[in-house]
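1. No sequence on hand, only this structure:
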């Protein structure tokens, strides 16, 4: 069988093998893995001499591994395997030199197998495990650890044992965790002392001989130290071996992996969990402050600063050590149970290590800085908890804040806006966010210090700007502007660290002074684009300042109008958005300046659609700020149209002038549309995109003119002059829509435009609704489009309920016929199902809005009687469809039926109270509607209740549906009285097979639906 296995492995891993043969080989090997005896053959394949090929041996050992790990081997088999592998290891790694050790990947696999055997046999069956492999570290007849191959295997095994039984990064549960703890206890009891001694021996033997062995030893020590007696590592003999490794110099100035591993070992030693007193004493015993100081003063970290020879790996290793030290020091200081003497020592350590922490925090490499941010955060959090700071703590804050602010500056090697460095810039901006949180923490500890520091910083920067002008380093100016931007956390209400409803008065005063200085400084003319972008962002963030200091508005507007023409595409497109934000927020203060602004930016308004290929689109996949694709530029251009709308419709501008400004922008768009319409109809992609862009621009312009929204039902109608202008725009859009409504992108643009036009058209939109419906609900419209249009119509009905009846009466039948078509379309996939759920929800919501706004008469008018039965049938179908994703539509459906019953059921004849009575015969609004409610609405209620998938006692949404069902039942009772009671007693309950008296009592004696709902839930529980 061994020949078969060997042959199968060779075929399976031979790239030149025939594919069918490979498949047969893999199938055979799968059978081998499932064979409980195959491990014996595979063990022989691995250990035999002469050796099989490496791939055969690797796969064979993997099969053995699977057998051991899968616990398919009994105790005797494990002992046999142990003997076989130990014999092999002694032969190969015993130092005889007759055969070469295995390559690294085979050693790793062998180590894994031996580790599994350790787990299962160390307790009983291989108690000499450590001794057996420790013996391999010495050559025959030698007392030293001089067998290199045996040492490497021994260290590999120790590392693997830790990973298997003590690695805290892997969650262990139940029996496995218990087993691992027992194994660690056994190792501590039996072998830990000799293992620790072996580390000393190996370090003494191989220092200056084999850096690989020394590095492996240090890494093993770092791993094991977390769960062994610390005295085995923290002793003078071990320290005498470690300290020279930490401080050793690399003559060529290159990376020193041994030194880094030694620093990492100290980090793991410091990180070991201990009592506060022991932890502080250990730090003092190790003299860590001197070690860290010497490392930071060493040539790789001091002399080579700013050069390619700077050792970032060492810097990161030292940063990890310092971060661990400081975190533990803070933990001791936060421990209320720590002794006074211990706390005093910890405070001294905090003072001693702070300069080292800030040195690493200020490192030119952001990766090093990021490593120590957690401990600096811990320090600031601790200081915040202290409250009234003693002087020693207060003195720590200025250097901390200074370091944080300095780190926020772009470094000298960075270049803003360079596409080749976008990743570096994004990483720096992410670091800035983390630094911002640190600044907030400083402000929370000492707000006065924070405000004073930033005030001086910004004042000095503006002084430098006055002296140096455009020659000033843009990085310094960017830092100052960034700090102005951040000061709003204190100076603006509801933005502070504690989310105060009132801003800090001092911060607000300083910010106002900074803003005045910024505007007056002429910084908007600085040549570097980053500064211009910061300037605009700050102006938009602090529009409240301009509301209080309106004398600055003309200058800022002039600056923005200039910057929207900037030659840097990132500045230009971002400025279009910011300009729109600025004029929208200062709409009440800008005055009648629309004509000047329109003339100044008119050259930016012509639309030139560019069709991008799929490759172009892929190339332009990036963040919003750096996306300069044609589509992104157009989306930014739309903000200019919105800005013109805002600035043209200020209170200071007469309606006639507003109309004139609107016309001046609209007419060029009108003129451009017919030029492209014929080509668009023929399918020309560029012409279609041009029409799309024109429609979007018209809608966005209208949006700027209006601050209307659906919640403002009592909003003053727009001036007639404005309404007339945008009625022409709507007509032009409708022309394009009627010609191109087979194109989904055009329909989407027109629907978006209609949403925005509502605010400036007012009731003038109503006569156009049939044309909008005809265009937007074409044969090719998706269910998703129908749902969105219904949502739009809900807004129209809500806002114009007093004027829309006749229009709604006329358009309802064709509208709902389109919707019925969408509701009955076959489902072909998950997306279709989701769209159908949305359409169901919007359809019943639309009917609900009609009924809520007392327009229900359109549903039963002469014009729409022909579809009434279809309407009821569709609601019934939706209401009884309560599967996942349809629950909301089902609940609304029952609510709609309830409202229909209430509006058309006539006066109440059944009373709900302690003594329910019927006061007369039903008199519904339409003859026979009383019986219709019983036959259709009531029957539907019990059909859903009896559905086996309806589980209101488990599903919260089903419970809501049941609540609507009970409400509908009560409404039917109040409208039909004894007729309902008689029907439910003679038809419903006998069919279900229950008495129902308790249900009727709960339903008719209290308007609170809870009692009847509880009865139904109890009934359903008892039957399922």
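-> Sure, I can see it. Because the structure is a prediction, the values reported are computed rather than measured.
2. List phi and psi for the closest residue to residue 699 other than its chain neighbours.
-> In this structure, residue 699 finds its nearest non-sequential neighbour in residue 753, 3.0 Å apart by C-beta to C-beta, 6 or more residues apart in numbering. C-beta here means a position set from N, CA and C on the backbone, and glycine is covered the same way. Residue 753 has phi and psi values of phi -60, psi -40 when expressed as degrees, to the nearest 10.
3. Residue 695 is in contact with residue 753, correct?
-> Yes - if you go by C-beta atoms under 8 Å, residue 753 and residue 695 touch, sitting 5.2 Å apart.
4. got any residues that touch both of those two?
-> Residues touching both residue 753 and residue 695 by C-beta atoms under 8 Å, 6 or more residues apart in numbering: residue 733.
5. Touching, residue 9 and residue 25? I think so.
-> Yes - Residue 9 is within contact range of residue 25, at 7.5 Å (criterion: C-beta under 8 Å).
6. which one of those two has more residues nearby?
-> When residue 9 and residue 25 are compared for neighbours, residue 9 comes out ahead with 26 against 22, by other C-beta atoms under 10 Å.
7. host element of that one?
-> Using DSSP states H and E, residue 9 sits in helix 2-12.
8. So which bits of the strand or helix carrying residue 117 are buried?
-> Element membership of residue 117, judged by DSSP H and E, is helix 104-121. By 16 or more other C-beta atoms under 10 Å, the buried positions in helix 104-121 come out as 106-107, 109-121.
9. Same check on stretch 897-906?
-> 897, 898, 899, 900, 901, 902, 904, 905, 906.
10. Tell me the pLDDT of the first one.
-> What it means is residue 897. At residue 897, the pLDDT value in this model is 97.
11. Contacts for the helix holding residue 117, please.
-> Helix 104-121 is contacted from outside by 54, 57-58, 61-62, 64-65, 68-69, 71, 78-79, 81-82, 85, 89, 101-102, 126, 129, 133, 152-153, 156-157, 160-161, 163-165, 179, 183, using C-beta under 8 Å, 6+ apart.
12. just the helices in the stretch 1-150 of the chain please.
-> In the stretch 1-150 of the chain, the helices defined using DSSP state H, counting those that start in this stretch lie at 2-12, 19-34, 38-47, 54-69, 75-93, 104-121, 129-135, 148-165.
13. Just the buried ones from the contacts of helix 104-121?
-> The neighbour count (16+ other C-beta under 10 Å) marks 57-58, 61-62, 64-65, 68, 78, 81-82, 85, 89, 101-102, 126, 129, 133, 152-153, 156-157, 160-161, 164-165, 183 as buried among the contacts of helix 104-121.
14. Can you name the residues that contact the closest residue to residue 909 other than its chain neighbours?
-> Closest residue to residue 909 apart from its sequence neighbours, by C-beta to C-beta, 6+ apart: residue 977 at 4.2 Å. Contact analysis of residue 977 by C-beta under 8 Å, 6+ apart lists 909, 910, 918, 919, 920, 921, 922.
15. Could you verify my assumption that the last one touches residue 928?
-> Which is residue 922. No - with contact defined as C-beta under 8 Å, residue 922 does not reach residue 928; the gap is 10.0 Å.
16. ok, now how distant is residue 743 from residue 687?
-> 11 Å (C-beta to C-beta, to the nearest Å).
17. overlap in contacts of these two?
-> With C-beta under 8 Å, 6+ apart applied, the contact sets of residue 743 and residue 687 do not overlap.
18. Low-confidence ranges, the stretch 351-500 of the chain, go.
-> Applying pLDDT under 70 to the stretch 351-500 of the chain flags residues 419-421, 493-500.
19. swap in the chain?
-> Residues of the chain that meet the cut-off, pLDDT under 70, sit at 97, 251-254, 419-421, 493-503, 613-627, 707-716, 1024.
20. residue furthest from the geometric center of it?
-> Computed with C-alpha atoms, centre = their mean, the residue of the chain farthest from its C-alpha average is residue 141, at 62.9 Å.
21. could you measure it against residue 718, distance?
-> Noted for residue 141: a distance of 104 Å to residue 718, by C-beta to C-beta.
22. do the same with residue 815
-> For residue 815, the distance to residue 718 (C-beta to C-beta) stands at 26 Å.
23. who has more neighbours, those two?
-> Just comparing residue 815 and residue 718: by other C-beta under 10 Å the higher neighbour count belongs to residue 718, 25 against 22.
24. Let's verify the more buried one: helix, strand, or coil?
-> Classification of residue 718 using DSSP: H, G, I helix; E, B strand; the rest coil returns coil.
25. tell me the phi and psi of it?
-> Dihedral pair for residue 718: phi -70, psi 150, per degrees, to the nearest 10.
26. For it, give me its contacts.
-> Per C-beta under 8 Å, 6+ apart, neighbours of residue 718: 705, 706, 708, 759, 760, 761, 762.
27. okay, now residue 477: neighbour count?
-> 23.
28. Relative to residue 422, how far out is it?
-> From residue 477 over to residue 422 the distance is 22 Å, taken as C-beta to C-beta.
29. Kindly report the same for residue 838.
-> Noted for residue 838: a distance of 38 Å to residue 422, by C-beta to C-beta.
30. more neighbours, these two?
-> The neighbour comparison of residue 838 against residue 422 (other C-beta under 10 Å) goes to residue 838, with 20 against 14.
31. List the residues that contact the more buried one.
-> Contacts for residue 838 (C-beta under 8 Å, 6+ apart) come out as 783, 784, 787.
32. repeat for residue 312
-> So, once contact is read as C-beta under 8 Å, 6+ apart, residue 312 ends up touching 365, 367, 368.
33. name the element the last one belongs to?
-> Secondary structure assigned from DSSP H and E places residue 368 in helix 366-386.
34. mind listing what's buried in that helix?
-> For helix 366-386, a neighbour-count test (16+ other C-beta under 10 Å) marks 366, 368-373, 375-380, 382-384 as buried.
35. And stretch 452-468, by the same measure?
-> By 16+ other C-beta under 10 Å, the buried positions in stretch 452-468 come out as 453, 454, 455, 457, 458, 461, 462, 464, 465.
36. where's the closest residue to the first one other than its chain neighbours relative to residue 901, distance?
-> Taking C-beta to C-beta, 6+ apart, and ignoring the residues beside it in sequence, residue 453 has residue 401 as its nearest neighbour in space, at 5.5 Å. Distance of residue 401 to residue 901, given as C-beta to C-beta: 69 Å.
37. what do you get for residue 434?
-> Relative to residue 901, residue 434 is positioned 60 Å away (C-beta to C-beta).
38. on that earlier part again, now the helices of the stretch 1-150 of the chain in TSV, with distance to residue 320?
-> Shown next, in TSV, are the helices of the stretch 1-150 of the chain (distance: least, C-beta to C-beta, whole Å):
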stretch	distance to residue 320
helix 2-12	43
helix 19-34	42
helix 38-47	39
helix 54-69	33
helix 75-93	34
helix 104-121	26
helix 129-135	30
helix 148-165	19
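39. To residue 796, which of those lies closest?
-> helix 19-34 (64.0 Å; C-beta to C-beta).
40. which other helices and strands contact that closest one?
-> Contact here means 3 or more C-beta pairs under 8 Å, 6 or more residues apart in numbering; DSSP states H and E; on that basis helix 19-34 packs against helix 2-12, helix 54-69.
41. now the angle between helix 38-47 and it, please.
-> Taking axes from the mean of the first three to the mean of the last three C-alpha atoms, to 10 degrees, one finds helix 19-34 and helix 38-47 inclined to each other by 110 degrees.
42. Please spell out which residues along helix 19-34 are buried.
-> When burial is assessed from 16+ other C-beta under 10 Å, helix 19-34 yields the following buried residues: 22, 25, 28, 29, 32.
43. For the spatially closest residue to residue 158 that is not a sequence neighbour, give its distance to residue 285.
-> Of all residues not flanking residue 158 in the chain, residue 220 sits nearest, at 4.9 Å (C-beta to C-beta, 6+ apart). Separation of residue 220 from residue 285 (C-beta to C-beta) stands at 23 Å.
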